[in-house]
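A.B. asks: coordinates only, no sequence provided:
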């Protein structure tokens with residue numbers, strides 16, 4: 001598929017549902033194709049680019065999970081040993097005997113039984129510090145202390161689980177989770193334009209439909225200039241770094257995805273073993289919304305997808321993203337766009353069209 005054809009197919013996939021979107025098709029040797037259509041900022045008319053920074057939101061979870069698995073390989077963490085001793089805030093959870101059995105495997109598979117409160121207001125202005133991570137987590141766990149089911153008996157998506165995982169990483173290393181992810185993942189992979197604040201490069205503006213009722217739940221300070229049917233959002237960061245705090249470029253995300261497609265190695269730097277990379281992709285726990293591996297998941301309504309894939313979505317106010325891998329084809333897609341919702345599945349599937357054309 002030529003570059004111009006990919007642009008056309010990308011425009012056709014998203015229509016007018018998002019101001020701008022970036023797509024990178026990734027294989028073992030790097031980016032096979034890239035496209036960016038629409039605009040990064042409606043007021044300025046800035047064209048979207050693949051090297052503009054955007055919040056990752058929950059795509060961050062696969063970076064946190066990969067960090068945890070790297071530490072498991074090193075023997076610093078244990079996959080199937082209860083982690084409550086590492087996270088003081090877990091003392092609030094009830095029943096206490098259930099909470100005492102929660103492991104890293106449970107957290108990666110969203111099988112810990114934890115609640116999943118709506119995180120709409122877990123944000124702060126990008127130019128101000130966020131809350132203390134331990135105090136933030138302890139407050140959330142005290143407020144949502146009742147476990148919904150016995151750990152390991154089923155799966156239900158929870159942001160709290162990844163916040164606990166981040167606290168366990170911080171507890172065992174004795175550094176903030178953000179610093180551990182930076183030194184264990186971002187820096188070794190050369191992801192210099194990705195971190196837990198907006199990098200010193202151009203970034204895309206997030207947009208939400210003015211008529212959507214979701215805007216009623218957003219803090220007023222986040223509302224920015226409007227353009228047509230779109231309300232712009234002022235730059236913000238998430239309060240919980242481990243579950244959704246990364247901000248960076250699609251180009252950097254493609255390097256992370258390439259590492260996973262290559263079985264945990266990139267340009268001579270091994271992040272995790274090929275066995276661990278495969279184990280993370282192995283979907284062996286079913287859930288109502290998602291079927292889970294160790295971090296990667298597949299939507300339950302895509303169980304019979306052909307070819308099968310694993311992915312991690314990242315959505316929130318103003319942006320919607322996905323990393324997807326088709327393991328049997330060794331090809332994947334990074335999609336990042338500046339609207340709260342659009343047909344991201346149709347965009348990710350363009351990786352298959354490129355692969356078919358290139359075969």
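C.D. replies: Good, I have the coordinates. As the structure is a prediction and not an experimental result, all values here were calculated from the model. Numbering: from 1, shown residues only.
A.B. asks: how near is residue 44 to residue 232?
C.D. replies: Distance from residue 44 to residue 232, counting by CB to CB, to the nearest Å: 11 Å. Yep, even glycine has a C-beta here, placed from its N, CA and C like the rest.
A.B. asks: and those two? Which one has more around it.
C.D. replies: Counted by other CB atoms under 10 Å, residue 44 and residue 232 do not tie: residue 232 has more neighbours, with 20 against 9.
A.B. asks: quick check: closest non-adjacent residue to the more buried one.
C.D. replies: With sequence-adjacent residues excluded and distances taken as CB to CB, 6 or more residues apart in numbering, residue 232 is closest to residue 224, at 3.7 Å.
A.B. asks: tell me if I am right that that neighbour is in a strand.
C.D. replies: Yes - looking at residue 224 with DSSP: H, G, I helix; E, B strand; the rest coil, it is inside a strand.
A.B. asks: so what's it up against?
C.D. replies: 205, 231, 232, 233, 234 (CB atoms under 8 Å, 6 or more residues apart in numbering).
A.B. asks: do that again at 6 Å, thanks
C.D. replies: Residue 224 makes contacts with 232, 233, 234, as judged by CB atoms under 6 Å, 6 or more residues apart in numbering.
A.B. asks: mind pulling the model confidence for residue 357?
C.D. replies: At residue 357, the model reports a pLDDT of 54.
A.B. asks: if you could redo that for residue 2, that was the one I meant.
C.D. replies: Value for residue 2, per-residue pLDDT: 56.
A.B. asks: ditto for residue 77
C.D. replies: In this model, residue 77 carries a pLDDT of 98.
A.B. asks: count the neighbours of it for me.
C.D. replies: If you count neighbours by other CB under 10 Å, residue 77 ends up with 23.
A.B. asks: tell me the SS of it?
C.D. replies: Classification of residue 77 using three-state DSSP returns coil.
A.B. asks: quick one: it and residue 342, what's the gap?
C.D. replies: From residue 77 across to residue 342, the span is 37 Å (CB to CB).
A.B. asks: got it, and residue 61?
C.D. replies: Residue 61 is 21 Å from residue 342, where distance means CB to CB.
A.B. asks: pipe the contacts of residue 224 into CSV and attach distance to residue 214 and secondary structure per row.
C.D. replies: Conversion of the contacts of residue 224 to CSV gives the following (distance: CB to CB, whole Å; DSSP: H, G, I helix; E, B strand; the rest coil):
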residue, distance to residue 214, secondary structure
232, 15, strand
233, 11, strand
234, 16, coil
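A.B. asks: what is the nearest of the residues you listed to residue 100?
C.D. replies: residue 233 (40.5 Å; CB to CB).
A.B. asks: wait, that closest one touches residue 222, no?
C.D. replies: Yes - the pair residue 233 / residue 222 is scored as a contact, 5.4 Å apart, by CB atoms under 6 Å.
A.B. asks: neighbours of residue 226, how many?
C.D. replies: Residues near residue 226, counting by other CB under 10 Å, number 13.
A.B. asks: gap between it and residue 316?
C.D. replies: Here residue 226 is placed at a distance of 19 Å from residue 316 (CB to CB).
A.B. asks: likewise for residue 168?
C.D. replies: As judged by CB to CB, residue 168 and residue 316 stand 24 Å apart.
A.B. asks: settle it for me: which of these two has more neighbours?
C.D. replies: The residue with more neighbours, out of residue 168 and residue 316, is residue 168; 25 against 22, by other CB under 10 Å.
A.B. asks: now name the helix or strand holding the more buried one.
C.D. replies: helix 159-173 (DSSP states H and E).
A.B. asks: repeat that for residue 198.
C.D. replies: Following DSSP H and E, one finds residue 198 outside all helices and strands.
A.B. asks: next up, the contacts around it.
C.D. replies: Counting by CB under 6 Å, 6+ apart, residue 198 touches 53, 126, 235, 247.
A.B. asks: give the contact list for the residue nearest the centre of the chain.
C.D. replies: For the chain, residue 59 is the residue whose C-alpha lies nearest the centre (CA atoms, centre = their mean; 0.7 Å). By CB under 6 Å, 6+ apart, the contact set of residue 59 is 312, 314, 321, 323.
A.B. asks: mind checking the SS state of the first one?
C.D. replies: What it means is residue 312. Residue 312 ends up strand, using three-state DSSP.
A.B. asks: wait, isn't it in contact with residue 323?
C.D. replies: Yes - with contact defined as CB under 6 Å, residue 312 counts as touching residue 323 (5.4 Å).
A.B. asks: show me which of these two is the more surrounded one.
C.D. replies: Set residue 312 next to residue 323 and count neighbours by other CB under 10 Å: residue 323 wins out with 28 against 22.
A.B. asks: how far away is that one from residue 236?
C.D. replies: Residue 323 sits 22 Å away from residue 236 when distances are taken as CB to CB.
A.B. asks: which ones among the contacts of residue 198 map onto strands?
C.D. replies: residue 247 (DSSP state E).
A.B. asks: now pLDDT, distance to residue 297 and neighbour count too, for the contacts of residue 198, in JSON lines please.
C.D. replies: Below are the contacts of residue 198 laid out as JSON lines (pLDDT from 0 to 100; distance: CB to CB, whole Å; neighbours: other CB atoms under 10 Å):
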{"residue": "53", "pLDDT": "98", "distance to residue 297": "25", "neighbour count": "24"}
{"residue": "126", "pLDDT": "97", "distance to residue 297": "28", "neighbour count": "15"}
{"residue": "235", "pLDDT": "97", "distance to residue 297": "28", "neighbour count": "18"}
{"residue": "247", "pLDDT": "98", "distance to residue 297": "22", "neighbour count": "23"}
